[in-house]
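Peer 1: Attaching a predicted model along with its sequence, questions to come.
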Amino acid sequence: MANAVALHDYQGRRVRLTEERRQHILEHPEMAGEFDRIAETLAQPELVVATTVDKSVHVYHRCYEATPVTSKFLQVAVKLLAEDAFVLTAFYSSRPKKGILVWRA
């Protein structure tokens, strides 16, 4: 798909990051320059939870001691469909997202 970067998660699943979603993520100024960490969080998460509102949305977590906003969890929300997976958003947070445990390192 044009204007999309292909990333891979910890299960080897292809996850698209579209230019539109990249621009959305950059609305959070602290996310500038953090796209390598998004790829790392997908590939090597410490925790993955399914949201209670939409179980097809999984939030990948990885804690980083040094970020533009101190020690935080990077959270990457991914919509998982039968034939597709794509990043919805990514941001730093002080605590993990509550949800249904899918995977823990």
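Peer 2: Thanks, I have the structure now. Numbers count the residues shown, from 1 in each chain.
Peer 1: residues near Val53, how many?
Peer 2: Neighbours of Val53 under the rule other Cβ atoms under 10 Å: 7. (C-beta placed from N, C-alpha, C; glycine too.)
Peer 1: which residue is nearest the middle of the chain?
Peer 2: Val76 (1.6 Å; Cα atoms, centre = their mean).
Peer 1: so where does that one fall, helix or strand?
Peer 2: strand 72-80 (DSSP states H and E).
Peer 1: same for that strand, what does it pack against?
Peer 2: Helices and strands touching strand 72-80, by 3 or more Cβ pairs under 8 Å, 6 or more residues apart in numbering; DSSP states H and E, are helix 35-43, strand 57-64, strand 85-93.
Peer 1: and that strand, which residues are buried?
Peer 2: 72-78, 80 (16 or more other Cβ atoms under 10 Å).
Peer 1: cool, stretch 14-25 as well?
Peer 2: Buried residues in stretch 14-25 (16+ other Cβ under 10 Å): 15-17, 21-22, 25.
Peer 1: Paired strands for the strand holding Val76, with orientation please.
Peer 2: Partners of strand 72-80 in the sheet, by DSSP bridges, are strand 57-64 (antiparallel), strand 85-93 (antiparallel).
Peer 1: Tell me which helix or strand comes right after the last one.
Peer 2: Going back to what we said before, that points to strand 85-93. According to DSSP H and E, the helix or strand after strand 85-93 is strand 100-104.
Peer 1: average pLDDT for that following strand?
Peer 2: Across strand 100-104, pLDDT averages out at 97.
Peer 1: now stretch 46-60
Peer 2: The average pLDDT for stretch 46-60 rounds to 97.
Peer 1: low-confidence ranges in the chain?
Peer 2: The chain contains residues with pLDDT under 70 at 1-2.
Peer 1: Hmm, Lys79 is touching Thr89, no?
Peer 2: No. Taking Cβ atoms under 8 Å as the definition, Lys79 is not a contact partner of Thr89, at 10.2 Å.
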